[in-house]
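Novice: Below are the sequence and a predicted model; questions follow.
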Amino acid sequence: MIRSMTGFGLGEAELDGLTVRVEIRSVNHRFLQARFRLPSEFADLEPRVDALVKKNLSRGAVTLTVNTTRSTAASAVTVDEDLAGRYLKLLTKTAKRYSIEDDLKLSDLVGLPGVVTTRPDSKSHLREGKVLLGAVGEAIERLLRMRETEGSHLEDDIRKQGKAIEKLRVRIEKRMPKVIRAHFEGMKKRADNLLATEPTGKNGGIERADLARELALLAERTDVSEEISRLDSHIGQVNAVLEKGGEVGRKLDFLVQELYREANTIGSKAGDAKVAHAVVELKTHIERVREQVQNVE
């Protein structure tokens, strides 16, 4: 099974008044590009979150957002009495110096920087970190399930386009012998007309053997049997890669480029209106495959 690079996953967890909600989104990207938005109190967990993402995903632009809410405090509150005393002494001195009425209240003092601080409880932080990482794992798991579902749809469409490409390849292959004969006969007729008006022989004229050889070479240049054979091989490889599954996006992207190469060569060499129309259809289906492959992990 192949996986899409597009998906969404949600993970939620609760512990002692802490609610964690994790959302992870991904879209197609050539490589794995991950961005994380964690609350500042859990910033230390970013390396572990990053490791979880890299363990499960190989390609895609990924955005993971963690939101937390609390119904109870999980931090110890401390008062720096020495700092508060220094603030009080300095402010009282300033008030006397400038004859300012001293109306300083405790509520003003505790609002000054550093007087009141919160210190996370290490044991609680450790437990909450495990809960958060569990929610991250759940979100990634749901993202993977969605990417697999999307990947199944991509695979169905790629196989459908592959069958259409194969039918067109067969049509071109059946048409080409007629094209080559028509080219040869047309060139032979023009050569016969030329021979009828030009002298032949060794004394500066046109040798029939040389002309026949040149005609054969020109006809050979119209032959696209090798390109048709490679086209068939590439389609077979696409099906084999899909059958194997896994992280196959780059392989499929390479095969699509090769399909384009063969289609372009056939179109430029064949020199036939019906083959040209078939090549246009062929490239339309290849383009559809390319669009789908761009989203395969």
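Specialist: Good, I have the coordinates. Residues are numbered from 1 along each chain as shown.
Novice: Contact partners for N56?
Specialist: I140, L144 (CB atoms under 8 Å, 6 or more residues apart in numbering). Yep, even glycine has a C-beta here, placed from its N, CA and C like the rest.
Novice: Mind doing that once more with 6 Å?
Specialist: For N56, the contact set (CB atoms under 6 Å, 6 or more residues apart in numbering) comprises I140.
Novice: Same question for E227.
Specialist: By CB under 6 Å, 6+ apart, the contact list for E227 reads E262, T265, I266.
Novice: Could I get the full set of strands for the chain?
Specialist: All strands of the chain, identified by DSSP state E, fall at 7-15, 18-27, 32-37, 60-70, 75-79, 116-120.
Novice: how about the ones you listed in a markdown table, adding distance to R142?
Specialist: Below are these laid out as a markdown table (distance: least, CB to CB, whole Å):
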| stretch | distance to R142 |
| --- | --- |
| strand 7-15 | 4 |
| strand 18-27 | 8 |
| strand 32-37 | 17 |
| strand 60-70 | 12 |
| strand 75-79 | 31 |
| strand 116-120 | 29 |
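Novice: Out of these, the one nearest L231 is which?
Specialist: Evaluated with CB to CB, the strands of the chain place strand 60-70 nearest to L231, the distance being 30.4 Å.
Novice: List the buried residues of the closest one.
Specialist: Within strand 60-70, the residues that count as buried by 16 or more other CB atoms under 10 Å are G60, A61, V62, L64, V66, T68.
Novice: Dig out what the residue nearest to the fourth one when sequence neighbours are not counted forms beta bridges with.
Specialist: Looking back up the chat, that one is L64. Sequence neighbours aside, I24 is the residue nearest to L64 in space, at 4.5 Å (criterion: CB to CB, 6 or more residues apart in numbering). Note on I24: beta-bridge partners G9, L64, judged by DSSP bridges.
Novice: Distance of I24 relative to H277?
Specialist: Distance of I24 to H277, computed by CB to CB, to the nearest Å: 46 Å.
Novice: Which one's more surrounded, the two?
Specialist: I24 (27 against 13; other CB atoms under 10 Å).
Novice: my read: the more buried one touches G9, true?
Specialist: Yes - using CB atoms under 6 Å, I24 is in contact with G9, at 4.7 Å.
Novice: list the residues that contact both of those two?
Specialist: A139, L143.
Novice: okay, the contacts of E227 in JSON lines with neighbour count next?
Specialist: JSON lines is the format used below for those (neighbours: other CB atoms under 10 Å):
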{"residue": "E262", "neighbour count": "24"}
{"residue": "T265", "neighbour count": "17"}
{"residue": "I266", "neighbour count": "23"}
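Novice: Which pLDDT value belongs to D192?
Specialist: D192 carries a pLDDT value of 68.
Novice: and the residue nearest to L64, what is it in contact with?
Specialist: G9, L64, A139, L143.
Novice: now the second one: how far from S26?
Specialist: To S26, L64 is 9 Å away according to CB to CB.
Novice: again with the first one
Specialist: Look at G9 and S26: by CB to CB, they are 9 Å apart.
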